[in-house]
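# 3D, please:
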Amino acid sequence: MNVIDVRQLSAAYRKNTVLQNVSFEIAPGTLTGIVGPNGAGKSTLIKTVLQLHPYLSGDVTFFGEPLKKVKTRIGYVPQRGSVDWDFPTNALDVVLMGLYGRIGWLKWPQKKHREQAMQALEKVGMTEYANRQISQLSGGQQQRVFLARALVQEADLYFMDEPLAGVDAATERAIMAILKELRKEGKTVLVVHHDLQTVADYFDHVLFLNKTVIAHGPTEEVYTATNIEKTYGGAIHFMKGDGRNVSAIIH
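Down below sits the predicted model:
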């Protein structure tokens, strides 16, 4: 069974169509990069399938079920820029928010919940910052905390909206190591990604998006100069990597 089935999904902001007839399937245990130019609808796609943004038409199922039946199996990491980092809370409390589905919104976290949250912070290398106010963390540290909040949910499917944007090289390596480990555990991960030069190294599947799906499939098959040019247009200079994969620089 596919983890995600999207059929003819369309969405708009006011009168501007952002997604048009988007269809794709995601198999379990895959790490998929969603790539496309600015304004291609990458973030909107994630928000729409998760019903955080209304859609005009189409159908989406997860594990063969509607979203409301499987919400607890799905984790989501939004763009860091969409979060109010001045909110007065510390890193541990942010991670605990990922457990509220189990704890209950009107109940206090128990010792076992705090232990789970600390284990998630340990996975992302942030245990020493557990009591640090989130406004005092660097961009990379904030991103790690949000990743820990998703990990503590122990979901089967993860959506991550540009988790590598604006982070340092060490954080980028750490995040990708965690995502690849999730894949090894049989989890399914979709990542909005902006750096074409790292796509072939980071993802085993790629979904090229520019308001509609341009191409989707295993990276070694669909990550080609032709598909990149169809998606981005304009003048593109391609650099051959290992003879199989193609990296690209947009001029």
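# okay, and for the stretch 101-250 of the chain, where does confidence drop off?
101-107, 234-250 (pLDDT under 70).
# which stretches of it form helices?
111-123, 139-151, 169-184, 199-202, 219-222, 225-232 (DSSP state H, counting those that start in this stretch).
# Give me the helices and strands touching the fourth one, please.
Spelled out, it's helix 199-202. Contact here means 3 or more Cβ pairs under 8 Å, 6 or more residues apart in numbering; DSSP states H and E; on that basis helix 199-202 packs against strand 31-35, strand 246-250. In this view, the C-beta of every residue, glycine as well, is placed from N, C-alpha and C.
# send the alpha carbons of it over as CSV?
Output of helix 199-202 as CSV, limited to C-alpha atoms (Å, rounded to 0.1, in the frame of the first residue of the first chain):
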residue,chain,number,x,y,z
VAL,A,199,19.7,16.3,-4.4
ALA,A,200,21.5,13.2,-5.8
ASP,A,201,23.4,12.7,-2.5
TYR,A,202,20.5,13.3,-0.2
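# For that helix, buried residues please.
199, 200, 202 (16 or more other Cβ atoms under 10 Å).
# Leaving out sequence neighbours, find the closest residue to residue 25.
residue 2 (4.6 Å; Cβ to Cβ, 6 or more residues apart in numbering).
# and stretch 204-224, how far apart are its ends?
14 Å (Cα to Cα, to the nearest Å).
# Could you do stretch 191-201 as well?
End residues of stretch 191-201 are separated by 14 Å (Cα to Cα).
# separation between the nearest residue to residue 77 once chain neighbours are set aside and residue 147?
Leaving aside its sequence neighbours, residue 77 sits nearest to residue 160 (Cβ to Cβ, 6+ apart; 4.3 Å). Noted for residue 160: a distance of 8 Å to residue 147, by Cβ to Cβ, to the nearest Å.
# any common contacting residues for the two?
residue 77 (Cβ atoms under 8 Å, 6 or more residues apart in numbering).
# Please list all residues in contact with the residue lying closest to residue 140 once chain neighbours are set aside.
Leaving aside its sequence neighbours, residue 140 sits nearest to residue 171 (Cβ to Cβ, 6+ apart; 3.6 Å). Going by Cβ under 8 Å, 6+ apart, residue 171 touches 140, 141, 143, 144.
# in stretch 37-48, what's buried?
So, applying 16+ other Cβ under 10 Å, buried residues of stretch 37-48: 37, 40, 41, 42, 43, 44, 45, 46, 47, 48.
# how long is that stretch from one end to the other?
Span of stretch 37-48 from end to end, Cα to Cα: 18 Å.
# and what of stretch 124-132?
Start-to-end, stretch 124-132 (Cα to Cα) is 15 Å.
# Also stretch 65-77?
Stretch 65-77: ends 22 Å apart by Cα to Cα.
# Please compute how far that stretch lies from its chain's middle.
14 Å (Cα atoms, centre = their mean, to the nearest Å).
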